[in-house]
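Asks: sequence first, predicted coordinates after that:
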Amino acid sequence: MGDLSWEEKRRQNEGTAKETLQELTGKIIGCAMQVHSKLGPGLLEAAYEECMCHTLARAQLPFRRQVAVPIAFEGVTIDRGFRLDLVVDDRVIVEIKSVEKVLPLHAAQLLTYLKLSGVTTGLLLNFNVVHLRDGISRRSCFSH
């Protein structure tokens, strides 16, 4: 995708999407379940992120990790306003957690990421649970 901006990449991929967002998020969740079933709870977020990258690559899902997204504030562009853990197919933000309890702050953080990036769908995955199904939260933001 060369030297395209974040917004240009996102728009380009929106127009060429081969699968629905529901199918894509299903595949991402399947990858997360594979990681969780092999590792279980209790590790650091960085370990789950690394294993998710390996699993997404093996599933041939395009992704980027630790994506810096600039933000505009009062006429100034801040190049590294925030970082996204993973962005899959430039259509789904994946925020990885390994916490005792997902707080409303975590969900709010993901919604802010969605609004500022222009991506409409996000997954909040908390790997620090006995059953991963209890640690999955899907968020959508269509306010653009």
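Replies: Happy to help now that I have it.

Asks: pLDDT score assigned to residue 143?
Replies: Note on residue 143: pLDDT of 52.

Asks: sheet partners, orientation included, of the helix or strand that residue 83 is a member of?
Replies: Following DSSP states H and E, the helix or strand that holds residue 83 is strand 76-88. Strands flanking strand 76-88 in the sheet, each with its direction: strand 63-73 (antiparallel), strand 92-97 (antiparallel) (DSSP bridges).

Asks: which elements pack onto the helix ranked longest in the chain?
Replies: As assigned by DSSP state H, the longest helix anywhere in the chain is helix 21-39. For helix 21-39, the packing partners by 3 or more C-beta pairs under 8 Å, 6 or more residues apart in numbering; DSSP states H and E come out as helix 45-58, strand 92-97, strand 121-126, strand 136-140. For glycine as for every other residue, the C-beta is placed from the backbone atoms N, C-alpha and C.

Asks: and residue 132, how far from residue 141?
Replies: Distance of residue 132 to residue 141, given as C-beta to C-beta, to the nearest Å: 23 Å.

Asks: oh, I was asking about residue 94
Replies: Noted for residue 94: a distance of 15 Å to residue 141, by C-beta to C-beta.

Asks: most packed of the strands paired with strand 76-88?
Replies: The highest average neighbour count among these, using mean count of other C-beta atoms under 10 Å, belongs to strand 92-97 at a mean of 23.

Asks: so what touches that one?
Replies: Applying C-beta atoms under 8 Å, 6 or more residues apart in numbering, the set of residues contacting strand 92-97 from outside is 21, 24-25, 28, 45, 48-49, 52, 84-88, 106, 109-110, 113-114, 117, 119, 121-128, 135.

Asks: tell me, what residue is most central in the chain?
Replies: Nearest to the centroid of the C-alpha atoms of the chain, with distances taken as C-alpha atoms, centre = their mean, sits residue 94, at 1.6 Å.
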